[in-house]
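Q: Generate a structure from the sequence data that follows.
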Amino acid sequence: MADINRRDFLKVSGAAAGALTAGGLGFDVAQAKAVKQTLKIAGAKELHSVCPYCAVGCGLVAYTRQNSDGSTRLLQIEGDPNSPINEGRLCPKGATAMQLATSRRRVEKPLYRAPGSSKWEEKDWNFLLDKIAQNVKASRDRTFVGQDAAGNTVNRTEGIAFAGGAAFSSEEGYFTTKVMRTLGLVHLEQQARV
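A: So this is what the prediction gives:
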């Protein structure tokens, strides 16, 4: 028997243990080569987009396929590895972008629940926008303060608050802040800080 040093013994033992473990798990190289999988996104159209959740601007890649009826089906959304911002990585919110688009619970039409009612009704956008405008005006009129206790002109309302979205561009944020300040709002917040 040849002289085996400790290092050679450990190498041979490790290789043997690995082969036994792989064989015990049912790994067969010949069978693995025979099995071919078709990727879900094989042949899909690749579209680049931006994550809708915050103002960071992480890149997304969406894979779509045309259905036989002419509609488009979303197959997968993942981080864009070519994006200099996120380099393919996504935060937990961004990683759920697929669910945002395909959830069975996604509301696709405006719903309204009247005061005291227990059920939601489908309404059109004109009805809901008018309702929001009426409620804003009623709240502003009810809570408007023209002067504070010291007699200083303040022209504010504390009955309405506004939370801006982090996906706003700088211009949208500036415009929205100006509109809210024009209404007299003092309670303004931004979603990125929440």
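
Q: Show me the contact partners of the longest strand anywhere in the chain.
A: When the chain is parsed with DSSP state E, its longest strand is strand 153-164. Residues from elsewhere that reach strand 153-164, judged by CB atoms under 8 Å, 6 or more residues apart in numbering: 136, 139-140, 142-148, 173, 176-177, 180, 183-191, 194. Where C-beta positions appear, they are placed from N, C-alpha and C, glycine not excepted.

Q: ok, now stretch 174-181?
A: F162, G164, F168, L188.

Q: quick one: low-confidence ranges for this protein?
A: With pLDDT under 70 as the threshold, the chain has low-confidence stretches at 1-2, 20, 22-36, 192-194.

Q: Okay, helices next: where are they in it?
A: Here the chain has its helices, by DSSP state H, at 6-24, 29-34, 92-95, 97-102, 125-143, 170-183.

Q: Pop the domain breakdown of this structure in here.
A: Domain assignment for the chain by automatic domain parsing gives 1-39, 45-102, 127-193.

Q: How far away from the center of its chain is the longest strand of the chain?
A: Centroid separation for strand 153-164 versus its chain: 29 Å, with CA atoms, centre = their mean, to the nearest Å.

Q: Repeat that for stretch 55-71.
A: The chain centroid and the centroid of stretch 55-71 are separated by 14 Å, computed with CA atoms, centre = their mean.

Q: List the buried residues of that stretch.
A: Buried residues in stretch 55-71, counted by 16 or more other CB atoms under 10 Å: A55, C58, G59, L60, V61, A62, Y63, T64.

Q: Kind regards, and thank you for your time.
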